[in-house]
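Q: Model the structure of this input:
(2 chains)
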2 protein chains.
Amino acid sequence: MPDSLPIDPLHSALFTDMYELTMAQAYDAEGMDQTAVFELIFRKMPGDRNYFITAGLEDVLAYLENLHVTDDDLAWLRRQGLFLERFLHRLKSLRFQGDVYAMPEGTPVFPGEPLVQVVAPILEAQIVEMLVLNQVHFQTIAATKASRVVLAAAGRDVVDFGSRRAHGADAALKVARASYLAGATGTSNVLAGKVYGIPVFGTMAHSYIQAHDDESQAFEAFARLYPETTLLVDTYDTINGVQKVINLSRKLGERFRVRTIRLDSGDLGVLARESRQMLDAAGLNSVRIFATSGLDENQIAVLVADGAPIDVFGVGTKLAVSEDVPALDMAYKLVEYAGLPRMKFSAKKVVLPGRKQVFRQVEGGRMVRDVIGRFDEKLTGEPLLQAVMLRGKRLPAGRVTLEDARRHALTELDHLPASLRQLQRAATPYSIEVSDALDRDLETLRRALQTSQLGQT
Amino acid sequence: MPDSLPIDPLHSALFTDMYELTMAQAYDAEGMDQTAVFELIFRKMPGDRNYFITAGLEDVLAYLENLHVTDDDLAWLRRQGLFLERFLHRLKSLRFQGDVYAMPEGTPVFPGEPLVQVVAPILEAQIVEMLVLNQVHFQTIAATKASRVVLAAAGRDVVDFGSRRAHGADAALKVARASYLAGATGTSNVLAGKVYGIPVFGTMAHSYIQAHDDESQAFEAFARLYPETTLLVDTYDTINGVQKVINLSRKLGERFRVRTIRLDSGDLGVLARESRQMLDAAGLNSVRIFATSGLDENQIAVLVADGAPIDVFGVGTKLAVSEDVPALDMAYKLVEYAGLPRMKFSAKKVVLPGRKQVFRQVEGGRMVRDVIGRFDEKLTGEPLLQAVMLRGKRLPAGRVTLEDARRHALTELDHLPASLRQLQRAATPYSIEVSDALDRDLETLRRALQTSQLGQT
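A: Presented below is the predicted three-dimensional model:
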């Protein structure tokens, strides 16, 4: 039957893959309750990307703090016929008691580097895999796409307009948040404004114009109610629409305080120039031009390079779904259990074993090199993974406001080498090295596994 | 500050764009409270798609039934300084009192055809735009991608494994539901199983194998706890892993009831064939082969055409984000207000004006033609838009179980012409015609708008 009750996956322990629960029961049955270390990494830099910007940690920590299995969940699990009472009893008292180390939201990250590290009894660390991946994977993709759009806009305002075509309701909110984190000025999404405190922007839709019998009359009615508003000029003909705005300014005289016109179709560069000339000629130099219409970072870069007189870019679908890179090869990998490093090496997809730290070297305000080392190494550079949760409780470093995370992101983006801040793939990727100690661990473990797992069948 | 309270966008009236609220207040201030008709359409068939399958209506109707503004929402809106008490008072008593006509979930749909039609006082119809688009756009994309995967699998089972890389939590649940709607056998997502009643499948992850010191020991422990389980064989070396499964069958004898092995890397066709031969030679003919690893419909079609002995496909990321078509040019358009047809025609993006109906002609069990006509026309063929909600209350046609919707979808997919059921773009698209009456309306309105809106500035 249709279920119209609120479903809150971000607070449900059942927002997990079934195999996490069957494996958890197996760990329990086998008495395997030692500490596991899982690391969230991605393997390859896709498409035109030169970096990713981490995001999503806030939701992960909120989920872990709240993790519990409800009586209703237990009753449902019992009916599946897969779980023993012993395990259901254990689930009833399940809480996340582990530690989390992570790069702060807004940190540039590169292939092979752990973004998040979960250190917990294996049952707890295993069960939360889906939530950690689901939230960090998408929010990282969205923040990264947004940061490219912001870089392309070169100081002009960027507003997230993507909610309607984001992949579902959670994605809409997270795109708004990730965009703001990465430097956007705000969002059109009212709920995101309320929940995250992000500035909310609204313009006007074609439907409003169309619902009136006359475009000029629609402009006037809206401007009387919202004197400093935005008027959408392209419902019937853009230039004609701009002329109607100018006519309105003459009619209203000093009461005319319209701040912006919006172009939403056609050749935006040509129309912006023509509109600017018309507005300026009419003495409306302070009226700004807002452009929308299937924009992404590449189109914005062309408009900016051409000197199109556009003051604000509204970016929707292509940002919201990260159209060119809608997914990333990100995984949550077991790297240590019971104090021993772990790895798989089928089909050459080798993941570095053991618990790791990333050391970032910055020279003259520019990032020059990351070294991935053992967690217990002391290497040159700033260690990026910080403790954000210990024994299930957030530390101050795990309670970061969105404004602080945004400041961090903008500072970090500023530290990127110029070649990585370009929209095209850099000729030389950012330098990622593996420490000698970690390299030796990899070889040692590879040889040991070859002997123990492949030598005998 | 971080907000870790449950956020439920699917039950929040603030899950809307700011301009919907400012326009709504303008309608209220101008005394515009007549009936509007908004239609949800998409304009172009993207990528390799030959059809789309509608989905998402259930969430739209649940949202509309529940629509209300909370006191907390009102307090927040008041603080924005944009809204008058008169309008806030109106919002306080806001309920959706309109009608909804829609194609049932699981219906093939083509460019220009309304999937959903909202007929309501303009304020109500305007405010719900984001939710209607956000849910139907993505779920339609997901159901369509899933239907292509199911077609490619040609009778083999397909299981949704995409939750971890779907765009957020809502998308994960909706991909599970849309996949099942379109013919998938089930999902790995436990919460989707609980909420939607979808069969839930689990296998085993590399982490489980790696947490054990020995792969054979891991297989045995898991098979003792879950005799009819799936064993993942590629952690260290696939063929070696299959041999360990065979060894286990010898050790356990009649107690060996493992149902499936899972391949997750390498050349799946070659490895499946080799594994099948080994299993058969060992008398394990009933053990099935489950394949995963970045699959999409095109890779599955190649494996099936090559006769790869794969029984189940687990499909993850590329399904969950609809990688090749992550967004669709779908819009929610005002087509009628106060009994008069409406349209915009800037930059040649003409939308057919007026309230419409789609008449589908089927001959010999195959769809042959759709005719888009005026809503009040009686044309040959089955009218696809049905009343699902009247005056804010669902009708029986608006209360469809997922199982019934799935049956409808599979029947409808069966009625598609063979050329549209192929994965490549059909040489000839499906035939969509516009009725003579609607065509005349378009010309009449175009001329009238040219005179009234463009003639005068």
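
Q: Report the separation between the residue lying closest to A:Arg366 once chain neighbours are set aside and chain B.
A: Nearest non-adjacent residue to A:Arg366, counting by CB to CB, 6 or more residues apart in numbering or on different chains: A:Pro417, 5.6 Å away. For the C-beta atoms, the positions are set from N, CA and C on the backbone; glycine is no exception. Distance from A:Pro417 to chain B, counting by CB to the nearest CB, to the nearest Å: 29 Å.

Q: what does A:Arg259 give?
A: From A:Arg259 to chain B the distance is 13 Å (CB to the nearest CB).

Q: Please name the nearest non-neighbouring residue to that residue.
A: A:Glu228 (4.7 Å).

Q: Can you tell me the number of residues neighbouring that neighbour?
A: Look at A:Glu228: counted by other CB atoms under 10 Å in any protein chain shown, it has 9 neighbours.

Q: now swap in A:Arg394 and tell me
A: 18.

Q: ok, the residue nearest to A:Arg259 - contacts?
A: By CB atoms under 8 Å, 6 or more residues apart in numbering or on different chains, A:Glu228 lies in contact with A:257-259.

Q: What's the per-residue pLDDT of the residue nearest to A:Arg366 here?
A: Turning to A:Pro417, the model gives it a pLDDT of 97.

Q: try A:Lys348
A: The model's pLDDT for A:Lys348 equals 58.

Q: quick one: which of the contacts of A:Glu228 has the most company?
A: A:Val258 (22 neighbours).

Q: any weak-confidence spans in the stretch 201-350 of chain A?
A: Confidence mapping of the stretch 201-350 of chain A against pLDDT under 70 gives the ranges A:346-350.

Q: Can you show me the strands along it?
A: A:230-232, A:260-263, A:288-291, A:312-315, A:330-337, A:340-341 (DSSP state E, counting those that start in this stretch).

Q: before we move on, back to that, need phi/psi at the residue nearest to A:Arg366.
A: phi -60, psi 150 (degrees, to the nearest 10).

Q: From A:Ala143, how far off is it?
A: Distance, A:Pro417 to A:Ala143, using CB to CB, to the nearest Å: 19 Å.

Q: of these two, who's got more company?
A: A:Ala143 (29 against 16).

Q: hang on, that one in a strand?
A: No. A:Ala143: not assigned to a strand; according to DSSP: H, G, I helix; E, B strand; the rest coil it is helix.

Q: and the strands of the stretch 201-350 of chain A as a markdown table, adding mean neighbour count?
A: Converted to a markdown table, those look like this (neighbours: other CB atoms under 10 Å in any protein chain shown):
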| stretch | mean neighbour count |
| --- | --- |
| strand A:230-232 | 26 |
| strand A:260-263 | 24 |
| strand A:288-291 | 23 |
| strand A:312-315 | 25 |
| strand A:330-337 | 22 |
| strand A:340-341 | 18 |
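
Q: Turn those into a markdown table, including distance to B:Ser179.
A: Shown next, in a markdown table, are the strands of the stretch 201-350 of chain A (distance: least, CB to CB, whole Å):
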| stretch | distance to B:Ser179 |
| --- | --- |
| strand A:230-232 | 38 |
| strand A:260-263 | 38 |
| strand A:288-291 | 37 |
| strand A:312-315 | 30 |
| strand A:330-337 | 21 |
| strand A:340-341 | 37 |
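
Q: among the ones you listed, which is nearest A:Arg78?
A: strand A:330-337 (27.5 Å; CB to CB).

Q: Can that closest one be said to contact chain B?
A: Yes. Under the criterion of CB under 8 Å from any CB of the partner chain, strand A:330-337 makes contact with chain B via A:330, A:332-334, A:337.
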